[in-house]
Every structure is written in structure tokens, then in C-alpha cells.
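Colleague: below are the sequence and a predicted model for it; my questions follow.
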Amino acid sequence: MKRLALGLNALFLALLPLALAQADLALSPARLEFALPFGGSAEERVVLKNGLLREEALQVRLLPFALDPRGNVVESPKRNLCPHLEVAPTALVLPPGGSAEVRVRVKAPQGEGTLACLVVFSTSPRPLERGGVRLSVRPELGLAVYLTLRGTERPAFRAKVGGAGESLPLLLENPGNVLERVSGEARVFDGEGREVARLPLEAVPVFPGGYRELFLRPDPPLPRGRYRVALILEGAYGRYAAEGTWDVP
């Protein structure tokens, strides 16, 4: 899989916030999720808004993608929805402080589980100087589009919690064929069984066949010691629970 440095022509990830500062784009909604049987079709519209008082020209391209264990976008052809997606227009100009509507249409192919495509809106290149080096950057914004092929779902999910460190380690595994998006909390108990913390987890996506590594940091930090943790999660396909111990140094 190829990692995508969206927003940059040069491979300097540290410059991404600076590149994005030269554009102010917002999408509503932030993602699209469809569920269709084979041969079915659907259409949605998203709104792109330009927050700057200058005109912004955009080009559209499609990329098959997945998420790596840290939640970064990576290019992956394994569950490619892009050939079955139509986006119009493919080029547009946003007026200063204005907005435009983009149509996204999907037709369900043969297959199984969840397919994905990233609709990337690219601005024109612009110069950026950093440490005496002049670079060309291209701010970009991505719209994640998912299609789950109805009747082919085989959900499966595993969670592990516990370990050592100031932050609580979590491992979320998805051996199934559908996207899992889970929310919940980790409840932390001391040696006497008293609850000392609740650490929330909000809408974390885990790709089919993939896994996520997460670390939940309590605020304020917990005192040194061993704690028991009960993890309770919920998603579209059910509720999940796991228990473990956490050693805080």
C-alpha cells in the first residue's frame, strides 16, 4: 500500500498544516456511506465551501484507499469503489466566501462487503517558503465514500485492551468484510474496584481485514499502579466488550 501525503507535492509531512493554511475548504457532509444490493444505484450531493475571500479553482480525482493502523489514509486497490463512482462536476471554481454543490453517484457492482473510494478536491499549486527552501504545495481535501453490498455482509470484530504506559493501549481488529465504525468507552478501576476514570472513544473506523492501534490518555493522568479496564464498544453490527489490565508507571 502507498501512503498518501494529501496536500503536498513535496514529501514533507511537517508542511501539511502550512499548506492547508493557504486554503480554507469545508465539506458537508464529511463522508458518504451507501448500502445497496448488486445493481442498485444511489445519488447524494455534498456542499463545498470556500472560507477565504478569494476565488478557488478545484480539480477532482478519485483514489482507492484504506486506513493504516494509525488511521492514516493509504492508497489501496483491494476494495476499490472508484470505477463505480461518478462525480460531477470534475472541475469547479468556488467564488470568494462562496460554495458549490457536487453530485456523487454510485452503482453497486458484484462483490462483497464494503468498498471505498476517496474523492479528492485539489487546489492549484502555490509557492511556500520554509527554511530558505521554496516549494510548490497543493492543498487538498478528501471526501470518503463507502458502499456496503447489501446481503453479502460478514461482520466480525475483536478488541484487546491493556498493557503498560501513561496512555491505555487498544487494539481493534476487523477480520470481517464490512467497515466497522465503533464508539464507546474504557472504564478504569483501581485495585479496590473503584471506578477512577472513563476514557471515551468516538466513531473510530476499522477497515475490513485491517486493525487500529489506539492510545487513550486520561486527563488528569492516573497515579502509578495497576488498574483493571473494561472496554465497551458499539457499532452498526453489534456491541463488543473486552477486559484487561493496565500498568501505569
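Modeller: On my side now, so go ahead.
Colleague: pull out the buried positions in stretch 183-193.
Modeller: Going by neighbour count (16 or more other Cβ atoms under 10 Å), the buried part of stretch 183-193 is 184-188. In short, each C-beta sits where N, CA and C put it, glycine included.
Colleague: a markdown table for those residues, including distance to R105 and secondary structure?
Modeller: Shown next, in a markdown table, are the buried residues of stretch 183-193 (distance: Cβ to Cβ, whole Å; DSSP: H, G, I helix; E, B strand; the rest coil):
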| residue | distance to R105 | secondary structure |
| --- | --- | --- |
| G184 | 34 | strand |
| E185 | 38 | strand |
| A186 | 40 | strand |
| R187 | 44 | strand |
| V188 | 46 | strand |
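Colleague: any weak-confidence spans in this protein?
Modeller: Along the chain, segments meeting pLDDT under 70 span 1-22.
Colleague: tell me what the closest residue to R187 other than its chain neighbours is bridged to.
Modeller: For R187, ignoring the flanking residues on the chain, the nearest one in space by Cβ to Cβ, 6 or more residues apart in numbering is A230 at 4.7 Å. A230 has these beta-bridge partners by DSSP bridges: R187, E243.
Colleague: try E195
Modeller: Beta-bridge pairing of E195 under DSSP bridges involves F189.
Colleague: ok, the helix or strand encompassing L32: who's next to it in the sheet?
Modeller: Under the criterion DSSP states H and E, the helix or strand holding L32 is strand 31-36. Paired with strand 31-36 in the same sheet, following DSSP bridges, are strand 140-149 (parallel).
Colleague: for the strand it pairs with, which outside residues touch it?
Modeller: Here strand 140-149 makes contact (Cβ atoms under 8 Å, 6 or more residues apart in numbering) with 6-7, 23, 25, 27, 30-38, 46, 48, 63, 65, 73, 81, 84-85, 104, 106, 108, 111-123, 178-179.
Colleague: out of these, which are inside strands?
Modeller: In this view, the contacts of strand 140-149 that belong to strands under DSSP state E are 25, 27, 31-36, 46, 48, 63, 65, 73, 85, 104, 106, 114-123.
Colleague: could you measure from the nearest residue to N50 once chain neighbours are set aside over to V182?
Modeller: The shortest distance from N50 to any non-neighbouring residue, by Cβ to Cβ, 6+ apart, is to L94 (3.8 Å). Using Cβ to Cβ, to the nearest Å, L94 is found at 35 Å from V182.
Colleague: next one: E43
Modeller: Distance from E43 to V182, by Cβ to Cβ: 28 Å.
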